[in-house]
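A.B. asks: Here is my input; please provide its structure:
(chains A and B)
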Amino acid sequence: MTMKQEKKRIYLRAALGLIALLAVLLALDNLSFVPSMLLTVLRKGAIYALVAVSMNLLNGFTGLFSLGQAGFMLLGAYTYAILTIPAASQKSIYQRYANGGIGFSIPELLSKPLGGFGLLLGVIFCLILAGCIAALFAFLIGLPVLKLKSDYLAIATLGFAEIIRAAVVYEGFGPLTNGSNLLYGFTSFSNFNITLGGFTLHLETVMPFLFSGICIAIILLLINSTYGRAFKAIRDDEIAAEAMGINLASHKRMSFIISSFFAGISGAMLAMYQASVQATTFKSSMTYEILLIVVIGGIGSVSGSIIASFLFIASSEWLLRFLDNETWIGGFRVPLLRSGFRMVVFSVIIMAVVLFFRKGIMGDRELFQKKPASAAKAAKKEVRSK
Amino acid sequence: MKAFISRRDFLKAAGVTAAAAALAGCSSSSGSASGSAAGGKTIKIGVFEPASGDNGAGGKQEVLAIEYANSIAPTVDIGGETYNVELVEVDNQSSTDKAVTAAQELVSKKVSIVLGNYGSGCSIAAAPTFQAASIPAIGCSCTNPAVTEANPYYFRVCFLDPFQGSVMASFAKDQFGASNAYVLSMLGEDYGSGLATYFVNAFEALGGTVTNEQFPEGTSDFSAYIQNAINAGADVIFAPCATTYAAQIITQAASAGFDKPITAGDTWESSVILDAQKGTDVQVYCSTFFDENDDSGIAKEFVTGFKEWLNADSQKLTNNGGNDIVAAVSALGYDGYMVALEAIKAAGSTDGTAIRDALYGVNYDGVTGSITFDQTTGDANKDMAYIKKAADGAFEFVKTQSVED
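C.D. replies: Coordinates of the predicted model:
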């Protein structure tokens, strides 16, 4: 069997896997006995999976320690929201600014002549545009910032994210960004539900998985291409990579821009999930959450990031919630359980993971890997020690 | 480096933890069920408030009042049958991205009606979730007009930002004859900058001039802003912002010798402001939702009862900010709970849609005045704000103020 045939088989399997997953989700979405909490967590998990993988592409595969993720998500979220607020409701949403809003909405324009398909097309277009705006800013920031290394790069990108957050709420941009106020009422995942007669086909959970799935697949293809190998070479040893003929500046820039592009898309999806956007949500703590997911999953493992994001979202926002409530077992009041205790427990778990399980769940391996990474690593170590 | 604990052990530990968590989850749900089943049927009321994040302190004060209200009125009659009211509290962490899962948690616990949120952002983010589940929600202190707009399941018991901004503009004009105002709010905070905009619009409509400035998050030196106000010849400062900044503005205004009044919105009715103002000559005024010394006696009864309840438990006292001063948001939380009970009674059902329809017909005399709801938006019909002045560690009632025509 040639390499080409084998590759084809792998892609086919991956595509079939994704379709099967979507089919299961479609079923979950429409069966009434499925807990709604599970669906909400799945939706958010899918979105965080994308942003975690995009951060991993930069931090884990290229070795650039950047903390600007929340800033790029914010750009994507605002771009998406501004473009998709229905023209009719712009006046009331931008109530504090005369002539606020852009006066049209892309999904609305497209869904008039094309119906449901136009809506989907419009949303996809806006998502891509959201990614492009984030990528454009990444390009501009990258010019000065990518000359920095390790911690300095992290500080610079963190600072950038904070600047973006302050700039978006600047009064002068008010007619576009609505200043400090929320943007809401734009196309969200529930708009994809198809109503036929009295029956509604829910697609709220399928759509984020579909979008995230496609984006993550693209990132995977990239990682396994020559570019991906170049990224890994840069991560492992910059001087060696340069000696092999890899253009450091252009590859670093490429990785930074692509990572930001997908962060922008996931920001837009987060906006769809929340049904509202406000700049104050995109604090640096959001970046740290994503960084935690990457660390817990394993730096340099795509499947690790995905698993960790579902684990993280599910445990922080669902499974551990019982810690917040006073609990009585018979006549005995369980000690410590009261509002706020969840955050304490969660912090302790995270500290334990970072201190004792630094490699995370997956290390740098993947879930469906043919050749064990440890063997490759051993080979690498041998080369290094020589 | 050799791994401290092997991967297999880690997975084992993770599995055990997960299993333990699952078990604990089961036991907690069964525990609460058995506790409530003692006295017959139960109706659940969701409490959608922040216990952490920026609004954590204010959210806790609101939750305390709701718990107090629950202790006063622990049952409700539905169609001749007495139901126990069970509060289901959930922490939305003051963040719109956590609000959706928090709201979903309430939906999955099958609450009949929701109280909250403290701030407007989380309410707006959670509104579609409640609407999809046909659960009505009563906002307690979320003053942004967008909360109830286009959200047929959202109601509120407080007044709105445009109203409050206009009231304070009228007050500045009436009380101090001010013609020149200096407005200071925090960049990026929707509450403060919204209120500031409405104040500016109203004050300019009354013929005054305004200098409008914003400070970035985390500012601790306000001397330059105060100097700007003095240089602009301001007769009054309007500074709607969080109490942490308010304390610094007041102390620094005192040290700069600013002798004109400083006014603000409802967040300033807090012990933080009293502590900052104490021992200085700065005049501090704020608008608020209720006056404990009004004629009806309802407010007085609430204040004494609530203080007694707080003082009986040190944990509650800590959650209230370490003292027994009753915040305006607590009064709103109490009213929100009582209005919810009225609506449940009127609906005669635990069904969300029936309760929502009943809410439009509620007429309740609460701590913050008589409450009826606007038939289209679901906002409480309020045409009056209470103005209080901070003086030597206590709030003095100044006057009631309505908007000038």
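
A.B. asks: Tell me where the longest strand sits in chain B.
C.D. replies: When chain B is parsed with DSSP state E, its longest strand is strand B:81-91.

A.B. asks: strands paired with that strand, and their directions?
C.D. replies: strand B:42-49 (parallel), strand B:75-78 (antiparallel) (DSSP bridges).

A.B. asks: Kindly reformat the ones you listed as CSV containing mean neighbour count and mean pLDDT.
C.D. replies: C-beta: built from backbone N, CA, C; applies to glycine. Putting the strands paired with strand B:81-91 into CSV (neighbours: other CB atoms under 10 Å in any protein chain shown; pLDDT from 0 to 100) gives the following:
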stretch, mean neighbour count, mean pLDDT
strand B:42-49, 25, 93
strand B:75-78, 16, 92
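
A.B. asks: Nearest to A:Arg43, out of the ones you listed?
C.D. replies: Each of the strands paired with strand B:81-91 was scored for nearness to A:Arg43 using CB to CB, and the closest is strand B:42-49 (19.2 Å).

A.B. asks: After the closest one, which helix or strand is next?
C.D. replies: helix B:56-72 (DSSP states H and E).

A.B. asks: which parts of that next one are buried?
C.D. replies: Across helix B:56-72, burial judged by 16 or more other CB atoms under 10 Å in any protein chain shown covers B:56-70.

A.B. asks: List of residues touching that helix?
C.D. replies: Outside helix B:56-72, the residues within contact range by CB atoms under 8 Å, 6 or more residues apart in numbering or on different chains are A:339, B:45, B:47, B:49-51, B:85, B:87, B:89, B:94, B:115-119, B:140-141, B:267, B:305-306, B:309-310, B:316, B:319-321, B:327, B:329-334, B:336-338.

A.B. asks: For that helix, the averaged confidence score.
C.D. replies: Average pLDDT, helix B:56-72: 91.

A.B. asks: okay, the angle between that helix and strand B:42-49?
C.D. replies: Here helix B:56-72 runs at an angle of 160 degrees relative to strand B:42-49 (axes from the mean of the first three to the mean of the last three CA atoms, to 10 degrees).

A.B. asks: Export helix B:56-72 to PDB, keeping only CA atoms.
C.D. replies: Output in PDB follows, covering the C-alpha atoms of helix B:56-72 (Å, rounded to 0.1, in the frame of the first residue of the first chain):
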ATOM      1  CA  GLY B  56     -19.900  39.200  44.000                       C
ATOM      2  CA  ALA B  57     -20.400  41.500  47.000                       C
ATOM      3  CA  GLY B  58     -23.600  43.100  45.700                       C
ATOM      4  CA  GLY B  59     -24.900  39.800  44.500                       C
ATOM      5  CA  LYS B  60     -24.500  38.300  48.000                       C
ATOM      6  CA  GLN B  61     -26.500  41.100  49.600                       C
ATOM      7  CA  GLU B  62     -29.300  40.500  47.100                       C
ATOM      8  CA  VAL B  63     -29.200  36.700  47.800                       C
ATOM      9  CA  LEU B  64     -29.300  37.300  51.600                       C
ATOM     10  CA  ALA B  65     -32.500  39.300  51.200                       C
ATOM     11  CA  ILE B  66     -34.000  36.600  49.100                       C
ATOM     12  CA  GLU B  67     -33.100  34.000  51.700                       C
ATOM     13  CA  TYR B  68     -34.600  36.300  54.400                       C
ATOM     14  CA  ALA B  69     -37.800  36.700  52.400                       C
ATOM     15  CA  ASN B  70     -37.900  32.900  52.100                       C
ATOM     16  CA  SER B  71     -37.600  32.600  55.800                       C
ATOM     17  CA  ILE B  72     -40.500  35.000  56.200                       C
END
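
A.B. asks: distance between it and the chain's centre?
C.D. replies: Offset of helix B:56-72 from its chain centre (CA atoms, centre = their mean, to the nearest Å): 10 Å.

A.B. asks: got a list of what the closest residue to A:Lys112 other than its chain neighbours touches?
C.D. replies: In space, and not counting its chain neighbours, A:Lys112 is closest to A:Gly118: 7.0 Å by CB to CB, 6 or more residues apart in numbering or on different chains. Residues counted as contacts of A:Gly118 (CB under 8 Å, 6+ apart) are A:107, A:110-112.
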